[in-house]
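S.K.: how does the following fold in three dimensions:
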Amino acid sequence: MLPLLLSLSSPAVAQRPGSRADSLLHLLAQSRPDTNRVELLIQLAWDRTDDNPVEAIRYGRRSLRLARQLNFPRGECRSLLMLGWAFLRAGDYPTAVHTQLQARQVAERAQFAGGLIHADNATGYAYAEQDNYNAAMRYYQRAKRLAEQKGDFVLLTPILGNIGQAFQHLGQIDSALHYTRRGYELDRRFHDWHSEIGDLALLGGMEAQRGDSAAARRYYQLCIRRAEGMPVSYALCRAYLGLARLAEANHSPDQALAYARQALRAGQRGYYPKGVFEASNYLAQVYAQRGDAAAAYRYLANAVVTRDSLFSQRKLAQVQALSFSEQLRQQELTEQHLKAEANRRQNLLLGALALTALSGGLLYLLLNRRRLQREVEFARERERLERQRLTAVLKAEENERRRIGSDLHDGLGQLLTAAKLNLHALNQQLHRTLDGQLNGNQTFIDNAVHVVDESFREVRSISHNLLPSALIKRGLPQAVSSFLNRLPASDLRVNVETYGLEERLDPTVESMLFRMIQELVQNVVKHAQATEMTLQLLRDEQQLTIVVTDNGVGFASNAPGANPGIGLRNVHTRMAYLGGRAHFDAAPGRGTTVTLEVPLPVAAG
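M.R.: Have a look, this model is predicted:
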């Protein structure tokens, strides 16, 4: 399983733990109690994690205490991450999980994205060490999403191998290979040799599980070559043990023993007790199968000693954890006390400020209330006057239409009727005088009669449109039907649907609705080039809906320069007066649909 790389102040280097620790201790002795000392203590804790996690815990506690004294949240977060890793390596998994979750809380407060990613990855690793791979996968996937959102592929690199190993233990080998190979590619791109060596060992184990011994052997051997001189005993142990099992499966027991011994030596050189324990157990089993009881006993005893060492280490870590937990509890109590005291002082200050603000605010409210009331009254008066003006304009317009229609019908219509009668009388007089011989002038007389008839029909149509008697006598549906029957477009098929209009509406509302329907229908006739039009009048308890749909050429309603004409502006004006909404749905080549929604007054119960 891949170890967590903390990405501290500098990348890890291939040094023996002792020499690196000596140089860090020398720097620590010369440092001042500042943030640099926090980083040095974290580095010391990291260097001692594998060979002496109990000492790593001591360094981690010192770095955490100093980080909190300096109010250095990122150092506090990294100290907690380091402590969690040390507890994990000591086998104290509950404390490890608890510490990593605390690190995540600090990272959230400090808005430290790298800390969030490391905490989730480390928490997942702690669950994986306890064979709870479903829980581990949840934390790994969250760490992966955060790293991808941040675009930090250096942080993403070790996470992918951990996800791959979790899938391997969950029995999903294809997914395991996919994530681990992707992690290996990032390892090489970003030169993360530590994660690269671990991923090579993982890929060898996965290929062996898949039954591809040749591929597994290549990965194991490449892992060993890349690990030469590097402090990565856990990967070397896994690679050598993997080669031993492959040799055993290939019926090469001597080679299997040689690889297992190398795994044991790698664990011993790297202070990796878990690897020593696994290699010793394996050797004991092999020698027992070969009947060499003395050698089997020797390696089994070595495994028991290593297990006891791990157990003692775990007990020491648990003692440290209890002390650490008590320290954290005292720290939390101190923080709660300080926070409560700060809240008390803040509340006193806020109370004084509130009293001052309240006295000033009351005076301001008293003055402002009167001003707001005047502004509201002015706004209502402006709205009332504007509505009154609009009502007067619309009524004047309607009265003018009626006057013009009446004048056309009663005045010009009668004059045209008189002209037609005079033409008929003239025609008869000429027939009698000339004995029926008009010498070709009959055509002129007939044309004159035809022009007078056509003018009379036009005047009558205009008069009916301006002064629809059907609207006055029978209501909106009949007026609309009468208007549609007089449409000049003979090739336009019109469908009319009405619902809920058995009762009359307010005369002013009916008149405005009729004018808007006239305008919309005339637009279809003049501009749409449509062959079919549907007009729907639908009324319910709250509103009247008018829908006009045609299959014409349409238009781009949102095109630049597509300003509405006078007729459509009149539609918008009338809808504003009625408090309704007009919606135009149009596009070139697919016709037009206009929807008018007019609210109706609720009838008194």
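S.K.: just the pLDDT for His251.
M.R.: pLDDT for His251: 88.
S.K.: and stretch 216-236, what's buried?
M.R.: Neighbour-count burial for stretch 216-236 flags 216-217, 219-220, 222-224, 226-227, 230-236 (criterion: 16 or more other CB atoms under 10 Å). Using the backbone N, CA and C atoms, a C-beta is placed for each residue, glycine as well.
S.K.: do the same with stretch 513-525
M.R.: For stretch 513-525, burial by neighbour count (16+ other CB under 10 Å) applies to Leu513, Phe514, Arg515, Met516, Ile517, Gln518, Glu519, Leu520, Val521, Asn523, Val524, Val525.
S.K.: then stretch 94-107?
M.R.: Residues Thr95, Ala96, Val97, His98, Thr99, Gln100, Leu101, Gln102, Ala103, Arg104, Val106, Ala107 are the ones in stretch 94-107 that count as buried (16+ other CB under 10 Å).
S.K.: ok, so of those, who is nearest Asn134?
M.R.: Distance ranking of the buried residues of stretch 94-107 against Asn134, using CB to CB, places Val97 first at 14.6 Å.
S.K.: of the buried residues of stretch 216-236, which belong to strands?
M.R.: Within the buried residues of stretch 216-236, no residue falls in strands by DSSP state E.
S.K.: domains in the protein, by residue range?
M.R.: 1-151, 232-309, 377-467, 474-599 (automatic domain parsing).
S.K.: any chance of the buried residues of stretch 513-525 in TSV, plus secondary structure?
M.R.: Formatted as TSV, those follow (DSSP: H, G, I helix; E, B strand; the rest coil):
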residue	secondary structure
Leu513	helix
Phe514	helix
Arg515	helix
Met516	helix
Ile517	helix
Gln518	helix
Glu519	helix
Leu520	helix
Val521	helix
Asn523	helix
Val524	helix
Val525	helix
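S.K.: out of these, flag the one nearest to Ile445.
M.R.: Of the buried residues of stretch 513-525, the one sitting nearest to Ile445 (CB to CB) turns out to be Val525, at 33.9 Å.
S.K.: from Val106, how far off is the closest one?
M.R.: 74 Å (CB to CB, to the nearest Å).
S.K.: kindly report the same for Asn422.
M.R.: From Asn422 across to Val106, the span is 107 Å (CB to CB).
S.K.: related to what we said a few turns ago, where among the domains of the chain is average confidence lowest?
M.R.: Of all the domains of the chain, domain 377-467 carries the lowest average pLDDT, namely a mean of 65.
S.K.: before we move on, back to that, reformat the domains of the chain as a markdown table; add distance to Asn347.
M.R.: Below are these laid out as a markdown table (distance: least, CB to CB, whole Å):
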| stretch | distance to Asn347 |
| --- | --- |
| domain 1-151 | 22 |
| domain 232-309 | 54 |
| domain 377-467 | 41 |
| domain 474-599 | 50 |
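S.K.: quick check: the gap between the closest residue to Ala530 other than its chain neighbours and Lys526.
M.R.: Using CB to CB, 6 or more residues apart in numbering and skipping the chain neighbours, the partner closest in space to Ala530 is Gly552 (3.4 Å). According to CB to CB, Gly552 and Lys526 sit 10 Å apart.
S.K.: again with Phe190
M.R.: Phe190 is 70 Å from Lys526, where distance means CB to CB.
S.K.: thinking again about what came up before, secondary structure element holding the residue nearest to Ala530?
M.R.: Following DSSP states H and E, one finds Gly552 outside all helices and strands.
S.K.: just give me the neighbour total for it.
M.R.: Gly552 has 22 neighbours, counted by other CB atoms under 10 Å.
S.K.: list the contacts for it?
M.R.: Each residue near Gly552 by CB atoms under 8 Å, 6 or more residues apart in numbering is listed here: Val524, His527, Ala528, Gln529, Ala530, Gly591, Thr592.
S.K.: same thing with Leu83?
M.R.: Listed by CB under 8 Å, 6+ apart, the contact partners of Leu83 are Ala45, Ile57, Gly60, Arg61, Leu64, Thr99, Phe324.
S.K.: element containing it?
M.R.: In this structure, Leu83 is located in helix 73-89 according to DSSP H and E.
S.K.: just the C-alphas of that helix, formatted as PDB.
M.R.: The C-alpha trace of helix 73-89 is given here as PDB (Å, rounded to 0.1, in the frame of the first residue of the first chain):
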ATOM      1  CA  PRO A  73      -2.800  27.100  10.900                       C
ATOM      2  CA  ARG A  74      -1.000  25.500   8.000                       C
ATOM      3  CA  GLY A  75       1.700  24.200  10.300                       C
ATOM      4  CA  GLU A  76      -0.900  23.000  12.700                       C
ATOM      5  CA  CYS A  77      -2.700  21.100   9.900                       C
ATOM      6  CA  ARG A  78       0.600  19.500   8.700                       C
ATOM      7  CA  SER A  79       1.500  18.600  12.200                       C
ATOM      8  CA  LEU A  80      -1.800  16.800  12.700                       C
ATOM      9  CA  LEU A  81      -1.300  15.000   9.300                       C
ATOM     10  CA  MET A  82       2.100  13.900  10.400                       C
ATOM     11  CA  LEU A  83       0.800  12.700  13.800                       C
ATOM     12  CA  GLY A  84      -2.000  10.800  12.100                       C
ATOM     13  CA  TRP A  85       0.500   9.000   9.900                       C
ATOM     14  CA  ALA A  86       2.800   8.200  12.900                       C
ATOM     15  CA  PHE A  87      -0.200   6.700  14.800                       C
ATOM     16  CA  LEU A  88      -1.100   4.700  11.700                       C
ATOM     17  CA  ARG A  89       2.400   3.300  11.300                       C
END
